[in-house]
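>>> just coords:
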């Protein structure tokens, strides 16, 4: 009997030793750097691979884990939705961030999905917070796990995108104002606006970068995009002298200056807040872009597009070198990812005789409104519209004693006659009919939330994109299942290519396991098993 007890004790000691060795060998990184690049595509990287430096995008996308088939079975409705889904491990049905903007029935107006009148802006009139995000992110879980000792900052281009990256518990988030040329933030976060951003505003550091003239980094004829042009023409952009299409804003957010601003502030915050310098894992969430001014094509067919990538490559290699030399490659995990995008724009498809087009919602709603007035009388039967969601005027329909379901069906049948419209569903129909996980209905259901869903929800045909009256796209793709570029580099991630199909909701659980924290509270994905080195 004594022998048996001794054996049990020995087994327990061995088990404890094994667990200790495992935790020691695979200890979590001290710093996670999330790098979201708006417009990033794998095929762009493939085309420009020989042009990149060995220590920039090549290192990020080629020396760690490359995910070849990360599926997004949600409607493409803006970066905020993609980022929130990526970081919460759940879909908009649960987290609530259905699009960048939403229609508010109570005010009959469009507003930011993160609008919060109870908040005050810092260096801006915008009143925003993460209150409407109904699920925790991995950044929130990191802060909670370490009882506030983990520091987290989000720095980027657009307010909704940066708030999605910052989650609820960040020390601070910062985005750029492209009208008044300064960093902006919200008082929602406990640290307010990082003092480094305020310093760049007050000392002219922000304006100094904005004032740069953008010209090709190399001789125009040396660009891959110039191969199809006999005499490749140079270009020149002055940010402060050019405005975005149909907007008072400048073109800042579609130039290399935007990436330079993010990189410079990120490096200052990293150094001066001493991120990754103690036993508590910190997070630095960054947004860059490869969008170009007045962009009509999604392929790399212009000097500007190629130059954006080359300049971003320079920014990233410098930033990575500074972080790795300070913290150590083995202590920092870089997560590079993009958003849902089509391979080609409708314009490019149409140029090649492929069925495609742009769906202008306002014109379509005007036609639908006229049709309903012809049947039910000259009243405002449509209350509002945004991002393929139609909001019917329920109080009016009830007041006029009109059968709501009948009007709804009449509207749906009429909408199916519109060019580019694939289908039309009611919200109740989406919720009540069983559908496989890869179906169109499941995709729309995943992307709808009870607090913001319309009474009729549209889908578009492949190759079609919705645009607003400013010619800005509402979403980037209408593929039944689209894919997201994703790469892990650093820490103990071995070089590997992951060809198995996974869902975007699987990434937050995977990162949670790496960081040794709880899964976000609404996560529905599964952790992906990676090849981890113990060196």
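Okay, I see it. On a predicted model such as this, the values are computed, not experimentally measured, just so you know.
>>> Now do the contacts for residue 439.
By C-beta atoms under 8 Å, 6 or more residues apart in numbering, residue 439 lies in contact with nothing. Glycine gets a C-beta too; all of them are placed from N, C-alpha and C.
>>> Quick check, pLDDT for it.
With respect to pLDDT, residue 439 has a value of 80.
>>> Also residue 105?
You'll see residue 105 listed with a pLDDT of 87.
>>> number of nearby residues for it?
Neighbours of residue 105 under the rule other C-beta atoms under 10 Å: 15.
>>> ok, now which ones touch the residue lying closest to residue 226 once chain neighbours are set aside?
Distances taken as C-beta to C-beta, 6 or more residues apart in numbering place residue 232 nearest to residue 226, at 3.4 Å, with adjacent residues excluded. Neighbouring residues of residue 232 by C-beta under 8 Å, 6+ apart: 220, 221, 223, 225, 226, 303.
>>> Just confirm the last one contacts residue 226, I think it does.
Yes. Between residue 303 and residue 226 there is a contact under C-beta atoms under 8 Å: 6.7 Å.
>>> sorry, back to before: can you list phi and psi of the residue nearest to residue 226 for me?
Main-chain dihedrals, residue 232, degrees, to the nearest 10: phi -60, psi 130.
>>> Residue 488: what secondary structure?
Of the three states, residue 488 takes strand under DSSP: H, G, I helix; E, B strand; the rest coil.
>>> Could you report the pLDDT at it?
Looking at residue 488, its pLDDT is 98.
>>> Now for the nearest residue to it once chain neighbours are set aside: which residues touch it?
Counting by C-beta to C-beta, 6+ apart, residue 488 lies nearest to residue 65, which is 4.2 Å off, once chain neighbours are set aside. By C-beta under 8 Å, 6+ apart, the contact list for residue 65 reads 487, 488, 489, 493, 494, 495, 496, 497, 498, 530, 531.
>>> Return the member of those nearest to residue 340.
Ranked by distance to residue 340 (C-beta to C-beta), the contacts of residue 65 are led by residue 487 at 16.4 Å.
>>> Tell me, how many residues neighbour the nearest residue to residue 430 once chain neighbours are set aside?
Take residue 430 and drop its neighbours on the chain: the residue closest to it by C-beta to C-beta, 6+ apart is residue 445, 4.7 Å away. Residue 445 has 24 neighbours, counted by other C-beta under 10 Å.
>>> Next up, the contacts around residue 445.
93, 430, 431, 435.
>>> can you list the contacts of residue 65 in a markdown table and add secondary structure?
Putting those into a markdown table (three-state DSSP) gives the following:
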| residue | secondary structure |
| --- | --- |
| 487 | strand |
| 488 | strand |
| 489 | strand |
| 493 | strand |
| 494 | coil |
| 495 | coil |
| 496 | strand |
| 497 | strand |
| 498 | strand |
| 530 | coil |
| 531 | coil |
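>>> Which members of these are classed as buried?
Neighbour counting with 16 or more other C-beta atoms under 10 Å marks 487, 488, 489, 493, 498, 530 as buried within the contacts of residue 65.
>>> Near the nearest residue to the third one once chain neighbours are set aside, how many other residues are there?
In other words, residue 489. Spatially, and ignoring its direct neighbours in sequence, residue 489 is nearest to residue 64 (3.4 Å; C-beta to C-beta, 6+ apart). Residues contacting residue 64 under the criterion other C-beta under 10 Å number 21.
>>> Residue 64 touches residue 495, doesn't it?
Yes. With contact defined as C-beta under 8 Å, residue 64 reaches residue 495; the gap is 6.4 Å.
>>> Find the least confident helix or strand in this protein, judged by mean pLDDT.
In the chain, the helix or strand scored least confidently by mean pLDDT, DSSP states H and E is helix 2-25, which has a mean of 42.
>>> which is the next helix or strand following that helix?
strand 31-38 (DSSP states H and E).
>>> Tell me the spacing between the closest residue to residue 169 other than its chain neighbours and residue 417.
Closest residue to residue 169 apart from its sequence neighbours, by C-beta to C-beta, 6+ apart: residue 143 at 4.1 Å. Distance of residue 143 to residue 417, given as C-beta to C-beta, to the nearest Å: 51 Å.
>>> which of these two has more neighbours?
Neighbours were counted for residue 143 and for residue 417 using other C-beta under 10 Å; residue 143 has more, 27 against 9.
>>> Secondary structure element holding the more buried one?
Assigned by DSSP H and E, residue 143 belongs to helix 138-145.
>>> Could you list the buried residues of that helix?
Here helix 138-145 shows 138, 139, 140, 141, 142, 143, 144, 145 as buried, counting by 16+ other C-beta under 10 Å.
>>> just stretch 380-395 next, same as before
381-393.
>>> what residues are up against residue 336?
Residue 336 makes contacts with 35, 37, 40, 60, 61, 485, 486, 487, 488, 489, as judged by C-beta under 8 Å, 6+ apart.
>>> go again using 7 Å as the cut-off
Taking C-beta atoms under 7 Å, 6 or more residues apart in numbering, we find residue 336 in contact with 35, 60, 61, 487.
>>> From the chain's centroid, how far away is stretch 83-98?
Here stretch 83-98 is found 11 Å from its chain centre; the criterion is C-alpha atoms, centre = their mean, to the nearest Å.
>>> same check, this time on stretch 392-408
37 Å.
>>> likewise stretch 75-89?
5 Å.
>>> Then stretch 166-186?
For stretch 166-186, the gap between its own C-alpha mean and the chain's C-alpha mean amounts to 15 Å (C-alpha atoms, centre = their mean).
>>> what comes up buried for that stretch?
Buried residues in stretch 166-186, counted by 16+ other C-beta under 10 Å: 166-178, 181-186.
>>> Could you do stretch 144-161 as well?
For stretch 144-161, a neighbour-count test (16+ other C-beta under 10 Å) marks 144-146, 150-161 as buried.
>>> go on, stretch 107-118?
So for stretch 107-118, counting by 16+ other C-beta under 10 Å, buried means 111, 112, 113, 114, 115, 116.
>>> count of residues packed around the residue nearest to the fourth one when sequence neighbours are not counted?
Sequence neighbours aside, residue 128 is the residue nearest to residue 114 in space, at 4.5 Å (criterion: C-beta to C-beta, 6+ apart). A total of 28 residues lie near residue 128 under the criterion other C-beta under 10 Å.
>>> Tell me the bridge partners for residue 128.
Partner residues in beta bridges with residue 128, using DSSP bridges, are residue 115.
>>> Read off the pLDDT value for it.
On the pLDDT scale, residue 128 is placed at 98.
>>> ok, it - contacts?
Counted by C-beta under 7 Å, 6+ apart, residue 128 has contacts 112, 114, 115, 116, 119, 159, 163, 186.
>>> Kindly recompute the last result at 6 Å.
114, 116, 159, 186 (C-beta atoms under 6 Å, 6 or more residues apart in numbering).
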